[in-house]
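Asker: Provide a 3D model corresponding to the input given below.
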Amino acid sequence: CKADSFTYVMKKLALDMLGPKERAEAGRECGGSNSYACTSACALTSLCKNCQRDASRAPLLPQMNECAVLMKLRNHPNIVRVLEHFVDDGKLCIVMEYADGGSLLDYVRRRKKLAEPEAARFFHQMCRGLDYCHGNGVVHRDVKPDNILFAKASGIGSKPAIKLIDLGGAADLRTGTNYSADETVFDPVYGPPEKYLEVSGVGSLFGSSLGWAKAKPDLFDAFSCGMVILQVACPSLRKGKPGATRRDLDIYAYDAQAWRDSLPERRQADFAILDENGGQGWDLVCGLLAQKKKRTSVAQAIGHPFCR
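Answerer: Purely as a prediction, here's the structure:
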């Protein structure tokens, strides 16, 4: 395995976290083999068992998962980078780059007004980061404004950059790691109507691009993108989570245009940013919030006129 691959990082972290007694147990499970590959694999299995037995250690696995996923995805400018990771006294420490601009929603609230070109640039960066995740077999599963941070402009002429964070719940579907058929996105307000990832034989299925194309798990994140764009672009939705909007979309079978048509005239001004340039933003939102069979993917969103 490559030193920054998901599997390598998970095994290495597991081996570092085990105490002498647990390492000896892992060695016995390996049949006495002293090879690093065998011992680290058994260490990961042993740590998983220990976390199941000891509730106090349960948080270790999502922390390890986030570290491993970020190491795998660390070469993209719109995903927060891991600078260092180490184990200290059985605790995992992850050093990440500092995103000092606050969350996307905080940024918009401070500015109060958001110009259409600026909104389009932010959403393009968000989709670029997610598309890179999907290209590496990873589904974020927790895309929401709180998990989108800004790194402030670093030089003259440069602009703030979006950084995706909080990949502790991300599922690596090429290996089946951190995936469970009864789990969905972590915040139902931003989650799609289908609720569950409809896949089978994950490890082998997602070993090929054909399996990914058939199951389309990336459409999970695509729906969340639609909710994020809607919330950030519409002033009335920036005050808190758009739970009521999500429930209304359900009533209208996720036909965003039908939902909007049901709103009073005074609410239509809320969509001003999305209605600019012939309604390109609104067209994208409608595509992202549609039922799965009709939904616009993140890759398609990047090529949409709104994300120019």
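Asker: contact partners for the closest residue in space to Asp146 that isn't next to it in sequence?
Answerer: The shortest distance from Asp146 to any non-neighbouring residue, by CB to CB, 6 or more residues apart in numbering, is to Ser103 (5.5 Å). In this view, the C-beta of every residue, glycine as well, is placed from N, C-alpha and C. Contacts for Ser103 were tallied using CB atoms under 8 Å, 6 or more residues apart in numbering; they are 145-150.
Asker: the chain: strands as residue ranges?
Answerer: 82-88, 91-96, 138-139, 148-151, 161-164, 171-172 (DSSP state E).
Asker: contacts for the second one, please.
Answerer: Under the criterion CB under 8 Å, 6+ apart, residues 13, 17, 60, 63-64, 66-67, 70, 80-87, 165 lie in contact with strand 91-96.
Asker: only alpha carbons, please: show it as CSV.
Answerer: Only the C-alpha atoms of strand 91-96 are listed here, as CSV (Å, rounded to 0.1, in the frame of the first residue of the first chain):
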residue,chain,number,x,y,z
LYS,A,91,-5.0,9.2,21.6
LEU,A,92,-5.1,10.1,18.0
CYS,A,93,-3.9,13.7,17.2
ILE,A,94,-4.5,15.2,13.8
VAL,A,95,-2.9,18.4,12.7
MET,A,96,-4.8,20.1,9.9
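Asker: got the buried residues for that strand?
Answerer: 92, 94, 96 (16 or more other CB atoms under 10 Å).
Asker: redo the residues you listed as CSV? Include pLDDT.
Answerer: Conversion of the buried residues of strand 91-96 to CSV gives the following (pLDDT from 0 to 100):
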residue, pLDDT
Leu92, 73
Ile94, 77
Met96, 85
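Asker: quick one: which of those is nearest Asp131?
Answerer: Taking CB to CB as the measure, Met96 is the one of the buried residues of strand 91-96 closest to Asp131, at 21.2 Å.
Asker: in the stretch 51-200 of the chain, which spans are helices?
Answerer: 60-72, 104-111, 116-135 (DSSP state H, counting those that start in this stretch).
Asker: got the ones you listed as JSON lines, with distance to Arg238 and mean neighbour count columns?
Answerer: Formatted as JSON lines, the helices of the stretch 51-200 of the chain follow (distance: least, CB to CB, whole Å; neighbours: other CB atoms under 10 Å):
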{"stretch": "helix 60-72", "distance to Arg238": "27", "mean neighbour count": "22"}
{"stretch": "helix 104-111", "distance to Arg238": "6", "mean neighbour count": "17"}
{"stretch": "helix 116-135", "distance to Arg238": "12", "mean neighbour count": "21"}
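Asker: weakest of those by average pLDDT?
Answerer: If the helices of the stretch 51-200 of the chain are sorted by mean pLDDT, helix 60-72 sits at the bottom with a mean of 74.
Asker: hang on, the earlier thing: for Thr245, which of the strands of the chain is the nearest?
Answerer: Taking the strands of the chain one by one with CB to CB, strand 148-151 is closest: 18.3 Å.
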